[in-house]
Each structure stands twice: as C-alpha cells, then as structure tokens.
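In: for reference, the sequence and a predicted model appear below.
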Amino acid sequence: MGSGIARNLLRAGHQLTVYNRTREKAEALVAEGARVANSPAEAVRGAEAVHTMLSDDAAVREVVFGRDGFAATMGRDAVHISHSTISTALARELAAAGHGYLSATVFGRPEAAEAKKLVVVTAGPPDQVARFRPLLDAIGRQTVVAGTEPWQANAIKLCGNFMIASMLEAFGEAYALMRKAHIDPHAFLEAMNGLFASPVYANYGAMIADEKFEPAGFALKLGLKDMRLALAAAEECSAPMPMTSVVHDRFLSAAANGQGEMDWSSIARVAARGAGL
C-alpha cells in the first residue's frame, strides 16, 4: 500500500524521501525519483508532510516515538499524515503529540493504491485539511472529509472494514450452503452481481468462489486486529456492535486454524468447516 501511495505522490511531481523497515522496498522507488533514508528520523528532515502507512498501533508508535522515530526531528510547520488503520485512541494521542497531525485513512487493496483508486477519508483541523488536500487527491479517486478531529477518520475506517468483513462472512456462509446444495457458487455470485453491482462484491465474491486466498492482499491477522479496534471504538462511544463481535470471533477462529497470513477473505473457510466441507 505504501509503495503505491509513494508512486502516486512522485507521479504528481512531489519530492519524496522514503523509509521502510525492509530497505529493499524503499530502494525500489529510487528509479522513480525517491531518495532513501536510513531511519524515520532522517526521512522527515526538511519535510513539509510526513506520510505513514503501517500495519498497526505498535508499528506506528515505533516509527513515531521509538529510538529512531521522527517525533523529535519533524519541522515546526510539518504535519504527520497517517494512512494507517489504527485505534481511535492512538489517533488522539498522535494529535496531542505536539506537532501537526491529520488522519487520512484509505480504502482499497494494493492494486487500487497503485492505480490511484483509493478512497481517502481524512479528518483534522480545516486549515490543515485544505493545505494538504492536493496530496490526498494525488493518491486516490475520492477524498472524504470526516470532521475536525483526526480520530473521526479512523472511526470511519474501522466501521468500513467491519462492513467489508461482514460481507466476507456473508459470502462464506452463502457459499457453504450453495456447495451443500450442489449449486456452483459462481451462479450465486452472478445473481449477486446483478443485485448489488458493486466491484467490492464482485472482486471478493470471485476470490472466495475460486478460493484464491494466497498471496494475501490484506492479511487475515490484520482483519482480526481491525475488528478488535472497531469494538474498542464502539466501547469508547457506548455504541453496541453485536455483529462486530460475531465477525471478530469468526476471524479469531480462522487465525486459530492457521489462516493468519492468508487473505482476510479466507474467513469463508470458517463457514465451510462448520458445514463439514
């Protein structure tokens, strides 16, 4: 995801210094005009905007506040723009860390990031949103402003991922019934594509029907993390989400059966196992 975002910023004419914990991934962008830094602290020196795309709260904390983190080396007028799917609690902590901060979460798989087809959801002080809107527009096909508090964008992202995860579980249950009824799941998918006309349904429906769960575009262990964070946000806001609890436990079952590194659409195997398939 980070590579696709970086490439689109470069294509839009921006100067970019990149850092990745796996250096080879950063070096792959050199031919496209990026400069590689040896640490997060080095990467942000002289930067106007600092973009992060990381897997979870722990990774973000390390890159921002760790031994070589960039919190101490950001310029006074620089703003941290976080694309990561993190907790609403960490988003509030980052916003209070003493430098500018925007949440700019994204919906889309790696191929969407490469093709500039992400849906970007941002939130933060209006002047900062306006100042950095061109950067956000450079990486996606749509930019949605969620509110003036950065964590509000993270709440949308977590609920959006819950909606997708619920769809994956629904496909898994429906396909288990189709197979037990000796019906080709692709016939069911054809009917659903006519009903919903959604690329998300079409793409994930085909992946599950074909059982193409590797390599993962989005690992199931990250889906489990996102359901946990959605439940935490729900508790913060006193908003019960009983379906999220169910989906969380389905992801937990999948992870317990060795599917953590598979695509999160492999949650469908939980329903299949339950049906004796």
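Out: That came in fine, so what should we check first?
In: buried ones in the longest helix along the chain?
Out: Across the chain, the longest stretch assigned as helix under DSSP state H is helix 151-180. Neighbour-count burial for helix 151-180 flags 151-162, 164-176, 178 (criterion: 16 or more other C-beta atoms under 10 Å). (Glycine included, C-beta is placed from N, CA and C.)
In: following that helix, which helix or strand shows up next?
Out: Using DSSP states H and E, the next helix or strand after helix 151-180 towards the C-terminus is helix 185-196.
In: please name every helix or strand in contact with that following helix.
Out: Where contact means 3 or more C-beta pairs under 8 Å, 6 or more residues apart in numbering; DSSP states H and E, helix 185-196 is packed against helix 151-180, helix 199-210.
In: quick one: name whatever helix or strand follows the last one.
Out: Read in the C-terminal direction, the helix or strand following helix 199-210 is helix 220-236, with elements assigned using DSSP H and E.
In: same for whichever helix or strand comes after that next one, what does it pack against?
Out: Scanning forward in sequence from helix 220-236 by DSSP H and E, the next helix or strand is helix 242-256. For helix 242-256, the elements it packs on are helix 151-180, helix 220-236, helix 268-274, judged by 3+ C-beta pairs under 8 Å, 6+ apart.
In: report the mean per-residue pLDDT for the longest helix of the chain.
Out: Mean per-residue pLDDT for helix 151-180: 98.
In: tell me what angle that helix forms with helix 242-256.
Out: Compare the direction of helix 151-180 with that of helix 242-256 by axes from the mean of the first three to the mean of the last three C-alpha atoms, to 10 degrees and you get 70 degrees.
In: now helix 151-180 against helix 199-210, angle please.
Out: Going by the same axes, to 10 degrees, helix 151-180 makes 40 degrees with helix 199-210.
In: helix 151-180 versus helix 220-236: what angle between them?
Out: Helix 151-180 runs at 120 degrees relative to helix 220-236, counting by the same axes, to 10 degrees.
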